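[1] 3D, please:
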Amino acid sequence: MSLLALYDPALRGRADASALEVEDVTGVRTFTFGALDARSDRLAAAFRARGVGAGDRVALLLANRLEFLDAWLALMKLGAIAVPMNVLYKGREIGHIVNDAAPVAVVTTPDRAADLPVGAVLWDVDTLTSEADGLATQRPTVSLEEGTPAALVYTSGTTGLAKGAVLTHGNFAANARALVSAWRITAEDRYLAVLPLFHVHGLGNGIQSWLATGCHLRLATRFRQEAALDWFEGYRPTLFFGVPTMYVRLLEAPIDRARAIGAGVRLFVSGSAPLPAQVLEEFADRFGHRILERYGMTETLMNVSNPYDGERRAGTVGHPLPGVDVEIRDASGGAVPDGTSGELWVRGPNVCAGYWQRPDATAAAFVDGWFRTGDLGVRDAADGYITLQGRRSDVIISGGFNIYPREVEELLTTMPGVREAAVAARPDAVRGEVPVAYVVCDDAVDLAEVEAWLREQVASFKVPRAFHRVMALPRTALGKVQKHLLAGLVS
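    Residues are numbered from 1 along each chain as shown. As a prediction, this is how the structure comes out:
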């Protein structure tokens, strides 16, 4: 299925239905699905007038705004390839993506010109939109198939240069259909969108589910703790997709406001980083809802989800989504028994077509149709729930013993006063490497007491050899801890 086939029941079938509200300097603006369809038709004509055709890449360096949605729809109608870029990136990171993807142009605002590499073409988003306003409303006639590339979405690049995952129309459509089915999303839902649209969590899950069902969307520029409660109370969403740091901030809501908000929301979803079990339990107590945690990645969109109906188990990500196969395998590629740790291998229509211009990386990641995620986990022998144990590259091998940082991190965050924790490896002349903990905690917390308590909970080889108090953990825009930067916090 192409994305237009997925979208048209909303864009054309619900043309007169209210689709979107977005706030900008002029106030809150509202649009029907028909109006969005027409806007993107005109923008597609503007793109085409500037030479954009099927297969061409167009980079989007934009914060959450109406014009991002216009551009996405227009590029999909042209059969072009969107290259969403993290708005927090600076010149070096942007330069790598532009040089790698070779887009026709970068659609952005003029103030970002200095961040673009020499020779890159900048198209001012406001000028482009003004041009489109004067053009005819007519959808381009382009042949689109499941395998047609829709986007190059670049990995976070926390351990090296970012790679562009080639996500097709079929990938996005299959992912949307799976989520709509698993999470019971319908046209009656109201989705509060605060996640950045340059990331697959916001774009691949939120926006695609919105367009696939014709539900209502309230688009925020970004998550702001001081405004979030007002958004919940004013817009009254039934759906909210967030990352763990957002839920930590929401826990500061007064109990009466939290309860009232929880009464109106049907589903809270968390992803993009591990959700501490303590946060899930505290949120359930305060808001009256158990957050649904799921697991996905840039290259595969969504893979696994806790159930909509049934136990949303703390510390686990649940079962494979409809149409997705997941196996847990050892280092040689052999399947391991349930209850045994291994690497998650994934197969399904959600998995990307490979890495852009990286046949070496594609060959390393794909084996007989299976994608090697690089994530470690274990499947419960009794009921099949999958628990993640961190990245394969994060595993610490100390004196021959495997240490999974997430296990220690989860324990540390159960300590009173410990808000966040990260565990990473430090080279050691005797043991090869040893774990070191970086802890965000209240001033009153005694790290010596934390270490003593931890020794009572886990084997001695798992106890970090040093505990460092830090003000904050370095994170990506979606909340993933950048472990390669931790040592620099205390050097």
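[2] biggest helix in the chain by residues?
    In the chain, assigned by DSSP state H, the helix with the most residues is helix 33-49.
[3] so where's the stretch 251-400 of the chain shaky on pLDDT?
    The model of the stretch 251-400 of the chain has pLDDT under 70 over residues 400.
[4] and the strands in it?
    Using DSSP state E, counting those that start in this stretch, the strands of the stretch 251-400 of the chain run over 267-270, 292-297, 301-305, 319-320, 325-329, 342-347, 366-367, 370-379, 386-391, 396-398.
[5] coming back round to it: right, and the helix or strand after the longest helix of the chain?
    Using DSSP states H and E, the helix or strand that directly follows helix 33-49 along the chain is strand 57-60.
[6] tell me which strands and helices that next one is in contact with?
    helix 66-78, strand 81-84, helix 91-101, strand 105-108 (3 or more CB pairs under 8 Å, 6 or more residues apart in numbering; DSSP states H and E). For glycine as for every other residue, the C-beta is placed from the backbone atoms N, C-alpha and C.
[7] if you compare those, which one is most tucked away?
    Ranked by mean neighbour count, the helices and strands packed on strand 57-60 are led by strand 81-84 with a mean of 26 (mean count of other CB atoms under 10 Å).
[8] can you tell me which residues contact the residue sitting nearest the centre point of the chain?
    Centroid-nearest residue in the chain, with CA atoms, centre = their mean: H201, separated by 3.1 Å. H201 sits next to 195, 241, 243, 271-272, 296, 478 when contact means CB atoms under 8 Å, 6 or more residues apart in numbering.
[9] looking at those, which is nearest E145?
    G296 (23.6 Å; CB to CB).
[10] CA atoms only: put the longest helix of the chain into CSV for me.
    Extracted C-alpha coordinates of helix 33-49, given in CSV (Å, rounded to 0.1, in the frame of the first residue of the first chain):
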residue,chain,number,x,y,z
PHE,A,33,-8.6,17.4,5.9
GLY,A,34,-9.7,18.9,2.6
ALA,A,35,-7.9,22.1,3.3
LEU,A,36,-4.7,20.1,4.1
ASP,A,37,-5.1,18.1,0.9
ALA,A,38,-5.4,21.3,-1.1
ARG,A,39,-2.5,23.0,0.6
SER,A,40,-0.2,20.0,-0.1
ASP,A,41,-1.3,19.8,-3.7
ARG,A,42,-0.3,23.5,-4.2
LEU,A,43,3.0,22.9,-2.4
ALA,A,44,3.7,19.9,-4.6
ALA,A,45,3.2,22.2,-7.6
ALA,A,46,5.7,24.6,-6.1
PHE,A,47,8.2,21.9,-5.5
ARG,A,48,7.7,20.6,-9.1
ALA,A,49,8.2,24.1,-10.5
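[11] how close does the most far-flung residue of the chain relative to its centre sit to T30?
    In the chain, the residue that sits farthest from the middle, by CA atoms, centre = their mean, is V430; the gap is 38.7 Å. Noted for V430: a distance of 65 Å to T30, by CB to CB, to the nearest Å.
[12] now do D56
    32 Å.
[13] and for F241?
    Distance from F241 to T30, by CB to CB: 21 Å.
[14] looking at these two, which is more packed in?
    F241 (25 against 12; other CB atoms under 10 Å).
[15] element containing that one, please.
    With DSSP H and E as criterion, F241 is part of strand 239-242.
[16] still on that earlier bit, okay, the strands of the stretch 251-400 of the chain, which one's buried deepest?
    strand 301-305 (a mean of 27).
[17] show me what that strand is packed up against.
    helix 169-183, strand 292-297, strand 319-320.
[18] what angle do it and strand 342-347 make?
    120 degrees (axes from the mean of the first three to the mean of the last three CA atoms, to 10 degrees).
[19] could I have strand 301-305 exported to PDB, CA atoms only?
    In PDB, the C-alpha atoms belonging to strand 301-305 read as follows (Å, rounded to 0.1, in the frame of the first residue of the first chain):
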ATOM      1  CA  LEU A 301       9.600   1.700  13.100                       C
ATOM      2  CA  MET A 302       7.600  -0.200  15.700                       C
ATOM      3  CA  ASN A 303       8.400  -3.900  16.600                       C
ATOM      4  CA  VAL A 304       7.000  -4.800  20.000                       C
ATOM      5  CA  SER A 305       4.300  -3.400  22.300                       C
END
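[20] that strand pairs with which strands?
    strand 292-297 (antiparallel), strand 319-320 (antiparallel) (DSSP bridges).
[21] export these as a markdown table, with columns for distance to L122.
    Shown next, in a markdown table, are these (distance: least, CB to CB, whole Å):
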| stretch | distance to L122 |
| --- | --- |
| strand 292-297 | 30 |
| strand 319-320 | 42 |
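[22] for these, which one sits closest to E145?
    strand 292-297 (23.6 Å).
[23] tell me how the protein divides into domains.
    Structural domains assigned to the chain are 3-222, 291-391, 395-489, following automatic domain parsing.
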